[in-house]
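J.: Structure here, sequence nowhere to be found:
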């Protein structure tokens, strides 16, 4: 700190004493503040004013009052020496803050006192303070107390409720990031599942183990036959119209091929179709569908179709076709999953985050099971880990090393300024008493 900063700091110290004098502080502090404001300027005036004046007058043989020279000045000088000695001693505890050969204290001591006592021994003070504090504050007990505080924290229902609310707010704030995180991973997981499920081997296994036994079971074939016959019976009018169209087109094509230039083929085909009793054909078709022979034919065809499919699945050419089919199916499903997740995942995520049931489950089911485990972990492992890493003495030593000496000096002044001022004032009083005693001895 340069000289200008030192003067500014000094003015600040005396300014605080002046403020203390007119404050509502205790009477003792105000008394010593007033005494310092009196003793300091009077001591300086005595040493640098009255004493040089006395020497000058003695040298020039100028008369001075005998009481002044023989009584007042010796008492004032002894008091000033007592005050300034204590003042300088207290200042030398901290100043100079850094090593400085040009500081007044250094010059007065022949460069011996280049740095204050506390700054010069700050590291040693920190080490010793750390050792003493480690003896006063048991690190093991501190670790235990911290763990007990942590356990009490996780057991407090109000804190747990507040944490859940904060967590919900945090999740809602980062909802887009959560969706961006989940979507590709869900797609990848579902794609892997589809790759495992949709294979040629899986399809063959499903057919042989599940579908084929169902389709070939007698009761199931009977049900399929009944369904097919019922469907055909309901669709008989449509089938008859289809047959009309087919007969008309076939007759017209035949007549065009066998009549020169196809003259009258359309009218002949229409006449042929019109002369057929289609209502009778429809009734006959319905009767035929209800005959047992039709049921046996359909049943036999189902068995034959199942057998043909089984034989086809075992054929070499089926593997290639099924592989191409499964690949196409997977591609379509992947596109479907991507579009579905992109459209539905934001709503699903929002519903989950805002779900009262989810947070109620967390508070009533998850946390009650998690907190006891957390407590055991804190008490068994966290306490030992905190004790191992606390290093109280080392932390105090490093904190003292890192603290600015000026800040430390200000802290000491804020705590003990009154007592230090009392020491200086008492030095003034004792000096004055010694000076008076010397007058009595003479």
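T.: On my side now, so go ahead. Because the structure is predicted, anything quoted here is derived from the model rather than measured.
J.: can you list the weak-confidence ranges in the chain?
T.: Within the chain, the stretches with pLDDT under 70 are 1-13, 139, 154, 207, 260-263, 379, 382-383, 386-390, 415-418, 442.
J.: can you give me the helices for the stretch 101-250 of the chain?
T.: Taking DSSP state H, counting those that start in this stretch to define them, one finds helices in the stretch 101-250 of the chain at 104-108, 117-120, 122-136, 139-155, 157-173, 175-197, 200-206, 212-216, 218-234, 236-258.
J.: The longest helix along the chain - contacts with which helices or strands?
T.: The single longest helix within the chain, with elements called by DSSP state H, is helix 316-354. Counting contacts by 3 or more Cβ pairs under 8 Å, 6 or more residues apart in numbering; DSSP states H and E, helix 316-354 is packed against helix 157-173, helix 175-197, helix 200-206. Every C-beta, even on glycine, is put in place using the N, C-alpha and C of the backbone.
J.: Indicate which one of these is closest to residue 358.
T.: Of all the helices and strands packed on helix 316-354, helix 157-173 sits nearest to residue 358, with 9.0 Å by Cβ to Cβ.
J.: Residues touching the closest one, excluding its own?
T.: Helix 157-173 has contacts (Cβ atoms under 8 Å, 6 or more residues apart in numbering) with 153-154, 178, 353-354, 359, 362-363, 367.
J.: Tell me the buried residues in that helix?
T.: 160, 164, 168, 171 (16 or more other Cβ atoms under 10 Å).
J.: again, but for stretch 294-311
T.: 294-295, 298, 302, 306.
J.: repeat for stretch 361-376
T.: In stretch 361-376, counting by 16+ other Cβ under 10 Å, buried: 362, 367, 375.
J.: same question, stretch 53-64
T.: residue 54.
J.: swap in stretch 171-182?
T.: Buried-residue list, stretch 171-182, by 16+ other Cβ under 10 Å: 171, 178-179.
J.: Could you tell me which residues make contact with the residue lying closest to residue 113 once chain neighbours are set aside?
T.: Leaving aside its sequence neighbours, residue 113 sits nearest to residue 105 (Cβ to Cβ, 6 or more residues apart in numbering; 4.5 Å). Contact analysis of residue 105 by Cβ under 8 Å, 6+ apart lists 88, 91-92, 95-96, 113.
J.: Now for these: which two are most distant?
T.: Within the contacts of residue 105 (distances taken as Cβ to Cβ), the two that end up farthest apart are 88 and 96, at 12.8 Å.
J.: center of this protein - which residue?
T.: residue 170 (9.0 Å; Cα atoms, centre = their mean).
J.: any idea how far it lies from residue 333?
T.: 35 Å (Cβ to Cβ, to the nearest Å).
J.: Tell me what angle the longest helix of the chain forms with helix 157-173.
T.: Helix 316-354 and helix 157-173 are oriented at 130 degrees to each other (axes from the mean of the first three to the mean of the last three Cα atoms, to 10 degrees).
J.: going forward can the numbers begin at 2, since that is how I track them
T.: Let's use 2 as the start, then, which means that last one is helix 317-355.
J.: From the chain's centroid, how far away is helix 317-355?
T.: 34 Å (Cα atoms, centre = their mean, to the nearest Å).
J.: Pull out the buried residues from whichever helix or strand comes after that helix.
T.: Going down the chain from helix 317-355, the next helix or strand is helix 357-362, by DSSP states H and E. By neighbour count on 16+ other Cβ under 10 Å, the buried set for helix 357-362 is residue 360.
J.: just checking, next helix/strand downstream of helix 357-362?
T.: Next element after helix 357-362 (DSSP H and E): helix 368-378.
J.: and the angle from that following helix to helix 158-174?
T.: Going by the same axes, to 10 degrees, helix 368-378 makes 110 degrees with helix 158-174.
J.: Nearest residue to residue 241 in space, please, no chain neighbours.
T.: residue 283 (4.9 Å).
J.: show me the contacts for that neighbour.
T.: 237-238, 241.
J.: try residue 184
T.: Per Cβ under 8 Å, 6+ apart, neighbours of residue 184: 342-343, 346.
J.: now do residue 303
T.: Residue 303 is in contact with 216-217, 222, 225-226, counting by Cβ under 8 Å, 6+ apart.
J.: ok, now how distant is it from residue 239?
T.: Residue 303 is 23 Å from residue 239, by Cβ to Cβ.
J.: for residue 314, same thing?
T.: 34 Å.
J.: Could you check which of the two has the larger neighbour count?
T.: residue 314 (16 against 9; other Cβ atoms under 10 Å).
J.: any idea how far that one is from residue 308?
T.: 11 Å.
J.: Contacts made by stretch 434-443 with the rest, please.
T.: In contact with stretch 434-443 (Cβ under 8 Å, 6+ apart) are residues 71-72, 75-80, 83.
J.: can you put those residues in CSV and add secondary structure and distance to residue 437?
T.: Converted to CSV, the contacts of stretch 434-443 look like this (DSSP: H, G, I helix; E, B strand; the rest coil; distance: Cβ to Cβ, whole Å):
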residue, secondary structure, distance to residue 437
71, helix, 12
72, helix, 9
75, helix, 9
76, helix, 6
77, helix, 11
78, helix, 12
79, helix, 8
80, helix, 9
83, helix, 12
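J.: Just send these back as CSV, with neighbour count and distance to residue 413 too.
T.: Formatted as CSV, those follow (neighbours: other Cβ atoms under 10 Å; distance: Cβ to Cβ, whole Å):
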residue, neighbour count, distance to residue 413
71, 12, 41
72, 14, 38
75, 19, 34
76, 19, 32
77, 22, 30
78, 19, 30
79, 22, 29
80, 24, 26
83, 24, 22
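J.: wait, which of the residues you listed is closest to residue 144?
T.: residue 83 (50.5 Å).
J.: Contact partners for the closest one?
T.: 428-433, 435.
J.: Repeat that for residue 76.
T.: 433, 436-437, 440.
J.: Filter those residues down to the ones in helices?
T.: Per DSSP H, the contacts of residue 76 map to helices at 433, 436-437, 440.
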